[in-house]
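Asks: Predicted structure and sequence below. I'll ask about it afterward.
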Amino acid sequence: MTAAGDRLSDRTLNRTLLARQHLLARAPLSIAALCEHLIGLQAQDVPPPFVGAWSRIARFDRSTVDRGLEDRSLVRITLMRGTIHLVTAADALRIAPHIQPELEKVPFRKGFNFGAMVGLDPEEVRARGEAAIGAEPISSVDLRAAALAHYPDRRPGHVVQTWLYQLPVLQVPPRGRWRDNSKPVWARIEPWLGAPLDPGYPLAELLARYLAAFGPASTADMQTWSKLPGAKRAVDSLGDRVRKYTDERGKVLYDLVDAELTDPDVPAPIRLLGWYDNATLAHRDRSRILPESAQRVFPVMVSPVLVDGFVAGHYKITGGTARIVPARPWSAAERAEVEAEAHALLGFLEPEREPEVLILEPDADIRG
């Protein structure tokens with residue numbers, strides 16, 4: 001057993017992260033169980049949660065996402081870092097009360113859309129937003145029309161974005177279903193889910209779950225993942241449920257006391273993740289998954305390729321073709337394994353097309 005305060009290598013942190021993310025081996029999980037464990041899948045766009053689930057679930061059935069959205073056991077909602085996540089209904093109800101106060105601070109800052117809402121009364125804007133959205137789902141087009149009617153001297157898109165920050169809302173189907181990239185339709189959380197928000201869910205419990213999926217981690221990592229204040233106080237309140245380590249740079253890391261570390265020599269398979277996958281974004285210090293050789297491709301919107309567990313390139317799929325750009329020279333064996341995984345992903349995403357995989361030179365333009 002590793003003693004408290006022991007120093008963990010980046011490679012140990014890497015393998016532990018991959019194990020907890022189900023990226024060392026695909027797991028026999030349902031989509032709901034995966035979302036529960038990971039505290040959501042990044043879903044800023046439609047394809048990424050499908051890619052994220054395919055990379056982690058054995059024999060993943062993409063129709064389970066559609067069914068979850070339709071029966072409302074899964075939802076697409078703005079949560080951590082102010083981005084859309086695919087989460088369970090239970091998590092939407094208990095995490096939103098933590099996130100909502102932070103979101104509401106954003107629209108009336110001078111930096112929000114170049115001061116687009118400065119000078120307006122936030123409470124008046126909120127009240128008009130509540131009236132516009134109401135208890136039934138409303139399309140983005142109708143929201144823009146309401147915004148223009150209430151504030152003809154402001155850009156309607158900025159007003160709508162303000163309302164979506166001010167009010168606890170979520171996206172409803174059809175957007176988010178397999179290959180459905182239609183315009184968002186919005187609804188208030190409570191009428192859509194038929195249940196009240198749960199403001200009593202402790203931040204400490206949320207961070208304990210974060211450690212189970214992303215730990216060991218520093219309090220700065222927790223804040224980067226969530227954009228919530230108070231991480232240090234919340235983790236301290238967990239008491240003997242957590243233990244401390246340090247990383248290679250001497251930073252203090254927290255972990256659940258009964259959580260296992262993974263052997264740094266365990267082989268890591270090739271994985272192709274969706275853009276903005278939380279495995280690559282959920283830490284302030286991303287050395288455990290993002291080596292210096294790959295840092296030049298982040299933080300732009302790219303889909304990472306994991307080779308030996310670390311980001312070693314990025315890819316883009318268009319029209320049945322996967323274009324892949326290494327971040328460093330790959331061995332012949334690595335190229336073959338990446339090509340095989342890319343063919344498998346193409347078979348999942350675009351089974352009707354003839355697959356083509358192009359591994360380009362490092363520094364090549366992925367756009368072609």
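Replies: In hand now; what should we look at?
Asks: What are the phi and psi values at the residue nearest the centre of the chain?
Replies: Nearest to the geometric centre of the chain sits Q42, at 2.7 Å (CA atoms, centre = their mean). Phi and psi for Q42, reported as degrees, to the nearest 10, are phi -60, psi 130.
Asks: Next, find the distance separating it from F112.
Replies: 23 Å (CB to CB, to the nearest Å). C-beta coordinates here come from the backbone N, C-alpha and C atoms, glycine included.
Asks: mind listing the helices for the stretch 151-300 of the chain?
Replies: 156-166, 189-193, 203-214, 219-226, 231-236, 278-281 (DSSP state H, counting those that start in this stretch).
Asks: Switch those helices over to a markdown table; also include mean pLDDT, distance to D10 and mean neighbour count.
Replies: Formatted as a markdown table, the helices of the stretch 151-300 of the chain follow (pLDDT from 0 to 100; distance: least, CB to CB, whole Å; neighbours: other CB atoms under 10 Å):
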| stretch | mean pLDDT | distance to D10 | mean neighbour count |
| --- | --- | --- | --- |
| helix 156-166 | 96 | 36 | 21 |
| helix 189-193 | 97 | 39 | 18 |
| helix 203-214 | 98 | 15 | 20 |
| helix 219-226 | 97 | 13 | 21 |
| helix 231-236 | 97 | 22 | 17 |
| helix 278-281 | 96 | 14 | 24 |
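Asks: just so I know, which of the ones you listed lies nearest P329?
Replies: Closest to P329 of those, according to CB to CB: helix 278-281, at 21.3 Å.
Asks: In this structure L170 contacts V185, no?
Replies: No - between L170 and V185 there is no contact under CB atoms under 8 Å: 9.9 Å.
Asks: quick one: which of these two has more around it?
Replies: When L170 is set against V185 and neighbours are counted by other CB atoms under 10 Å, the residue ahead is L170, at 25 against 18.
Asks: The closest residue to that one other than its chain neighbours: how many residues sit nearby?
Replies: With sequence-adjacent residues excluded and distances taken as CB to CB, 6 or more residues apart in numbering, L170 is closest to I77, at 4.0 Å. When neighbours are defined as other CB under 10 Å, I77 has 24 of them.
Asks: I77 belongs to a strand?
Replies: Yes - the assignment for I77 (DSSP: H, G, I helix; E, B strand; the rest coil) places it in a strand.
Asks: one step back: verify the stated contact: the residue nearest to the centre of the chain with V87.
Replies: No - Q42 is not in contact with V87 according to CB under 8 Å; the separation is 10.6 Å.
Asks: any idea of the mean pLDDT for the top strand by length along the chain?
Replies: For the chain, the strand with the greatest residue count under DSSP state E is strand 310-318. The average pLDDT within strand 310-318 is 94.
Asks: The closest residue to A32 other than its chain neighbours: what's it in contact with?
Replies: The shortest distance from A32 to any non-neighbouring residue, by CB to CB, 6+ apart, is to T88 (5.6 Å). Contacts for T88 (CB atoms under 8 Å, 6 or more residues apart in numbering) come out as 32, 35-36, 73-75.
Asks: repeat for L203
Replies: Contact analysis of L203 by CB under 8 Å, 6+ apart lists 98, 228, 230-231, 234.
Asks: Check W186 too.
Replies: Going by CB under 8 Å, 6+ apart, W186 touches 133, 137-140, 143, 164, 169-172.
Asks: at 10 Å what do you get?
Replies: Applying CB atoms under 10 Å, 6 or more residues apart in numbering to W186 gives the contacts 132-133, 137-140, 142-143, 160, 163-164, 167, 169-172, 175, 192.
Asks: Over to V118?
Replies: Here V118 is in contact with 107-110, 112 (CB under 10 Å, 6+ apart).
Asks: swap the cut-off to 8 Å and go again
Replies: 108, 110.
Asks: Determine whether the claim that it is in a helix is correct.
Replies: No - using three-state DSSP, the secondary structure at V118 is coil, not a helix.
Asks: how close does it sit to Q166?
Replies: 15 Å.
Asks: Tell me if I'm right that I57 and A27 touch.
Replies: Yes - I57 is within contact range of A27, at 6.4 Å (criterion: CB under 8 Å).
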